[in-house]
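Colleague: Below are the sequence and a predicted model; questions follow.
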Amino acid sequence: MSKPYVSVEGISRKFPGLTVFDNVWFGVNRGEFVCLVGHSGCGKTTILNILAGLDAPSEGVVLADGREIAGPSLERAVIFQGHALMPWLTAEQNVAFALGCKHKDWDSGRLRDAARRALEKVGLGAAMGKKPSELSGGMKQRVGIARAFAIDPKMMLMDEPFSALDALTRGSLQEEVSRLVTESGQTAFMITHDVDEAILLADRILLMTNGPMARVAEVVINTLPKPRVRATLHHQPGYHELRDHIMDFLITRSRTLAGTAPGDYDPRNPPEVRPAG
Amino acid sequence: MNRPVSAWRATLLSLVLLGAFLGAWELALQGAGQGGGPAVDPEYAALVGQAAATGGQTPMPKPSEIGARLFQLLSDPFYIRGPNDQGIGIQVAYSLGRVLLGFGIAALIAIPLGFVIGMSPLLNAALNPFIQVLRPVSPLAWMPLALFTIQDSSISAVFVIFICSIWPMLLNTAFGVSAVRREWLNVARTLEAGTWRTAFRVILPAAAPTILTGMRISIGIAWLVIVAAEMLVGGTGIGYWVWNQWNNLSIADICIAILLIGLVGLALDRLLGLLARAVAWHE
């Protein structure tokens, strides 16, 4: 296997008297979509923030492209859980702000055109001049997605981006992200607790035990053939085995496996499973 | 909870209340001042004159008299006949000029300083005791010190306006800047926006409504204080004019000054209200 684009090497988050997660290792290859699944309190968001450079681990390092992540970078875009749009800017201005940060030499006309193209890609051509308060929750998150993709990052980081949306909107946005990621061969890392979302999008799914002392208990390889479409996903052979395995983990094993790892557990190589065969 | 009220009905009610108030005022004074008054010995009255006999009081003017006087004053508001006789428009302009100058200087200092305080928890904690001690001081308490150090009464008045309008702007700016949503700052950080771009494109617009609220409070206080300050320093301004008319016992003029002060204060507040609406944002 080639060297992964992002390599998480032995990171932990410790407070006095509390270890949230400890000695976490994993990699994300170029063009790969990795999901991290686990319950609240296992430090998922902290891990994503460390990858984004917004937070630093207590121990261990994260390498991106072979270099240690020391801070935020335009190479790693973040789609936030709340849309995190600036309410005083229109959809177009929000995207143009991001573009202006990346392309400091572009004039406003060029920024506007690029912002419009990015919004058209997510189907928001008609809502460009609207402020976030005039947009629905799903549309706001679409702007957030357009903003992240517009700067053409090397990696996309997503922190439960659809958790605040209703089921129908969530479904269409998942397909949107799936399409955008596939089209651009984007490397992506996403946190979720929606099992179907993980199966639809991810090539590998990291299952984390409950905190404290959370760890990556196992790595589920998604062998369902691509492209995966939401409408037919649940008819694909192997889907139910995959889903049941993850559900079982979330409901019982995330709890029973929590705490001290078994003796044969190697944090650098958590066991890989292929429930879908 | 409250049902919306139609604007014209509210306006109508306001006019009715105003009419009732002025009417009652007019009626209450009907008959006073025209030879009636408390029964006095007619011989004594003949001796000292009716006014002196009733205690030497200037009669309270009726609304109609005040209206006539108002028309007279407003028909030529900008005349200048020597230093002690200038139109009421000139006086209001002097007051406004002082307020805007003091307020402007205060804004120029308070907003950047508040920005820095809001960004730096250390500075915030270090400067907080000074602000907390100086803020509750009545602006007029500064007046003697200002007169002593500046030695110019007009500049001293501007200084008093400056010192009273700086605190709300300083505190509101610092609060608005420190309360900027973490997620917007994170967006700026992940986009490598840099300090200046973050300050002007993210923090400033995010804090603008809070800053404007501070400015609105400040200009309100400044307009309150200028009247008192001008009564002390004298020379020009609406506050001085009020005091002057009190010395002349022109009660009608004082009523007119109160009305004008209220209207100008309202206009200042509305002006900043419009500005606040321009920078407001909704989630």
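Modeller: Here it is on my side, so go on.

Colleague: what's the neighbour count on B:A174?
Modeller: 29 (other CB atoms under 10 Å in any protein chain shown). In short, each C-beta sits where N, CA and C put it, glycine included.

Colleague: tell me the contacts of it?
Modeller: For B:A174, the contacting residues are B:G114, B:F115, B:I117, B:G118, B:N124, by CB atoms under 8 Å, 6 or more residues apart in numbering or on different chains.

Colleague: Same list (the residues you listed) but as CSV, adding pLDDT.
Modeller: Below are the contacts of B:A174 laid out as CSV (pLDDT from 0 to 100):
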residue, pLDDT
B:G114, 96
B:F115, 95
B:I117, 95
B:G118, 94
B:N124, 93
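
Colleague: Next, format the residues you listed as a markdown table and append secondary structure.
Modeller: Converted to a markdown table, these look like this (DSSP: H, G, I helix; E, B strand; the rest coil):
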| residue | secondary structure |
| --- | --- |
| B:G114 | helix |
| B:F115 | helix |
| B:I117 | helix |
| B:G118 | helix |
| B:N124 | helix |
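
Colleague: Adding distance to chain A, write the residues you listed out as a markdown table.
Modeller: As requested, those are exported to a markdown table (distance: CB to the nearest CB, whole Å):
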| residue | distance to chain A |
| --- | --- |
| B:G114 | 19 |
| B:F115 | 17 |
| B:I117 | 22 |
| B:G118 | 18 |
| B:N124 | 23 |
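
Colleague: Who wins on neighbours among those?
Modeller: Busiest of those [other CB under 10 Å] is B:G114, holding 27 neighbours.

Colleague: thinking again about what came up before, nearest to A:D152 among the contacts of B:A174?
Modeller: B:F115 (33.0 Å; CB to CB).

Colleague: For the closest one, give its distance to B:A199.
Modeller: 7 Å (CB to CB, to the nearest Å).

Colleague: same thing with B:A222?
Modeller: Counting by CB to CB, the separation of B:A222 from B:A199 is 27 Å.

Colleague: Looking at those two, which is more packed in?
Modeller: More neighbours surround B:A222 than the other of B:A222 and B:A199, with 27 against 15 (other CB under 10 Å).

Colleague: OK, contacts around that one?
Modeller: B:V99, B:G102, B:F103, B:I161, B:C164, B:S165.

Colleague: Next step: the residues you listed restricted to helices.
Modeller: The helices, defined by DSSP state H, take in B:V99, B:G102, B:F103, B:I161, B:C164, B:S165 from those.

Colleague: Columns distance to chain A on top of the residues you listed, output as a markdown table?
Modeller: What follows is the ones in helices among the contacts of B:A222, written out as a markdown table (distance: CB to the nearest CB, whole Å):
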| residue | distance to chain A |
| --- | --- |
| B:V99 | 29 |
| B:G102 | 30 |
| B:F103 | 25 |
| B:I161 | 31 |
| B:C164 | 30 |
| B:S165 | 26 |
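
Colleague: B:G273 and B:R216 touch, don't they?
Modeller: Yes - between B:G273 and B:R216 there is a contact at 6.9 Å, judged by CB atoms under 8 Å.

Colleague: and the two? which has more neighbours close in?
Modeller: Between B:G273 and B:R216, B:R216 has the larger neighbour count (other CB under 10 Å), namely 21 against 13.

Colleague: Next, the residues that contact stretch A:161-174 from outside, please.
Modeller: Contacts of stretch A:161-174 with the rest of the structure, by CB under 8 Å, 6+ apart, involve A:79-82, A:136-138, A:141-142, A:144-145, A:177, A:190, A:192-194, A:197, A:200-201, A:230.

Colleague: same check, this time on stretch A:184-194
Modeller: A:5-6, A:28-40, A:44-45, A:47-48, A:51, A:149, A:152-163, A:170, A:180-181, A:198, A:201-202, A:250.

Colleague: Give the buried residues for it.
Modeller: A:Q186, A:T187, A:A188, A:F189, A:M190, A:I191, A:T192, A:H193, A:D194 (16 or more other CB atoms under 10 Å in any protein chain shown).

Colleague: likewise stretch A:129-137?
Modeller: Buried, per 16+ other CB under 10 Å, within stretch A:129-137: A:K130, A:K131, A:P132, A:L135, A:G137.

Colleague: how about JSON lines for those residues, with pLDDT added?
Modeller: Compiled in JSON lines, the buried residues of stretch A:129-137 are given as follows (pLDDT from 0 to 100):
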{"residue": "A:K130", "pLDDT": "95"}
{"residue": "A:K131", "pLDDT": "96"}
{"residue": "A:P132", "pLDDT": "95"}
{"residue": "A:L135", "pLDDT": "94"}
{"residue": "A:G137", "pLDDT": "91"}
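
Colleague: In a markdown table, list these along with secondary structure and distance to B:Q151.
Modeller: Formatted as a markdown table, the buried residues of stretch A:129-137 follow (DSSP: H, G, I helix; E, B strand; the rest coil; distance: CB to CB, whole Å):
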| residue | secondary structure | distance to B:Q151 |
| --- | --- | --- |
| A:K130 | coil | 58 |
| A:K131 | coil | 53 |
| A:P132 | helix | 55 |
| A:L135 | coil | 60 |
| A:G137 | helix | 63 |
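
Colleague: Which of those residues sits closest to A:I11?
Modeller: Distances from A:I11 to those, taken by CB to CB, are shortest for A:G137, at 32.4 Å.

Colleague: Quick check: closest non-adjacent residue to that closest one.
Modeller: A:L165 (5.5 Å; CB to CB, 6 or more residues apart in numbering or on different chains).
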